[in-house]
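Novice: Show me how the following folds:
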Amino acid sequence: MSHTEDASEGEEAALAQQELLESCLEVVFDAYDEAIDDEMIDPVVFVVDCEDEIGEQIAHAWLGEATVRDAVAEQQLNDPGSDRTTVFAYAFPLVDSRREVPVVFEYLAPVFEQELPSDGFLAIAVTAGGAAAFTVPLSARETMD
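Specialist: Residues are numbered from 1 along each chain as shown. Below is the predicted model:
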């Protein structure tokens, strides 16, 4: 595989990760709001594609295999033929994420060395065989609908 093909696949994965996050902003904000209501300090919202190879493994670890299998089956039943995927969103404290995420996704380590945005929060989208970090501006809530 050439360097150009590697870059193209990386760009496609990054675009898929961004699209996943943007397509489910409502559940992202729900997870963020729940974390704030629970008085979590510096929540980082994870959006996991339960039908992605890596996302499925993470979802199984967090939710259990039966729960994920049932959610995927329900999504496919309710929206047959759709290219929509089954998504799970949950927030974890920054302190835990800073320690645990780089163990799984080494390339995200630099994200946790920076200060958090003051006008938004950090979100990690897991799909397309990897993960990417994004800042979700609080103003994005206004664009939902």
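Novice: in this protein, which spans are strands?
Specialist: Counting by DSSP state E, the chain has these strands, from start to end: 43-49, 87-93, 120-127, 130-137.
Novice: quick one: least confident helix or strand in the protein?
Specialist: Of all helical and strand segments in the chain, the minimum by mean pLDDT, DSSP states H and E falls on helix 3-23, at a mean of 78.
Novice: quick one: low-confidence parts of the protein?
Specialist: By pLDDT under 70, the weakly predicted segments of the chain are 1-7, 145.
Novice: circling back: so which other helices or strands are in contact with the least confident helix or strand of the chain?
Specialist: Other elements packing on helix 3-23 under the criterion 3 or more Cβ pairs under 8 Å, 6 or more residues apart in numbering; DSSP states H and E are strand 43-49, strand 120-127, strand 130-137. For the C-beta atoms, the positions are set from N, CA and C on the backbone; glycine is no exception.
Novice: in the last one, what counts as buried?
Specialist: Of the residues in strand 130-137, those buried by neighbour count under the rule 16 or more other Cβ atoms under 10 Å are Gly130, Ala131, Ala132, Ala133, Phe134, Val136.
Novice: coming back round to it: in CSV, list the strands of the chain along with distance to Asp79.
Specialist: Formatted as CSV, the entries for the strands of the chain read as follows, by distance: least, Cβ to Cβ, whole Å:
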stretch, distance to Asp79
strand 43-49, 15
strand 87-93, 12
strand 120-127, 17
strand 130-137, 25
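Novice: that older thread, of all the residues in the least confident helix or strand of the chain, which ones are buried?
Specialist: Ala13, Ala16, Gln17, Leu20, Leu21.
Novice: same thing with stretch 72-82?
Specialist: Taking 16+ other Cβ under 10 Å as the basis for neighbour counts, the residues of stretch 72-82 that come out buried are Val72, Gln75.
Novice: Number the residues from 376 up from this point.
Specialist: Taking 376 as the first residue, the last one we looked at is stretch 447-457.
Novice: most tightly surrounded among the strands of the chain?
Specialist: Mean neighbours per residue, mean count of other Cβ atoms under 10 Å, is largest over the strands of the chain for strand 418-424, with a mean of 25.
Novice: Adjacent strands (with direction) for it?
Specialist: Counting by DSSP bridges, the strands paired with strand 418-424 are strand 462-468 (antiparallel), strand 495-502 (parallel).
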